[in-house]
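Engineer: Predicted coordinates and the sequence they were generated for:
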Amino acid sequence: MDKLKKIFARVLSIPESAVTDTLSPENTESWDSLSVIILLSEIEKGFGVTFTFDEVISVTDFDSACKLLASKGIAL
């Protein structure tokens, strides 16, 4: 999970300690339409996976990103 937290923190320009399961666009000013594209691209590169459109739109917070990676067999 540390690797994923680092990606979120770096892309959203927030401290790693601020990355919690409930981190979302609603409570993170830097999580906007552009940053989510960068975020998902960095997750794909960092974990060697690709996401479908439906998977992309399912990522609504940090926890959903964790669950998406788990569904692809990535152990966090």
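Structural biologist: Now that the structure is in, tell me what you want to look at.
Engineer: Specify which residues of the protein, grouped into ranges, have pLDDT under the cut-off.
Structural biologist: For the chain, no stretch is flagged by pLDDT under 70.
Engineer: Might you report the residue contacts of the residue most central in space within it?
Structural biologist: In the chain, the centroid-proximal residue (C-alpha atoms, centre = their mean) is residue 65; its distance is 4.9 Å. By C-beta atoms under 8 Å, 6 or more residues apart in numbering, residue 65 lies in contact with 4, 8, 43, 59. Backbone N, C-alpha and C define where each C-beta goes, glycine included.
Engineer: Can you give me the end-to-end span of stretch 8-20?
Structural biologist: End-to-end distance of stretch 8-20 (C-alpha to C-alpha, to the nearest Å): 10 Å.
Engineer: Show residues contacting that stretch.
Structural biologist: Outside stretch 8-20, the residues that touch it by C-beta under 8 Å, 6+ apart are 5, 6, 23, 28, 30, 31, 35, 38, 39, 42, 62, 65.
Engineer: in the helix or strand encompassing the last one, what's buried?
Structural biologist: Of the helices and strands defined by DSSP states H and E, residue 65 is found in helix 62-71. Along helix 62-71, these residues count as buried under the neighbour rule (16 or more other C-beta atoms under 10 Å): 62, 65, 66, 68, 69.
Engineer: I'd say residue 7 and residue 41 touch.
Structural biologist: No. Counting by C-beta atoms under 8 Å, residue 7 sits too far from residue 41 to count as a contact (10.0 Å).
Engineer: quick one: which of the two has more around it?
Structural biologist: Taking other C-beta atoms under 10 Å, residue 7 and residue 41 do not tie; residue 7 has more neighbours (21 against 13).
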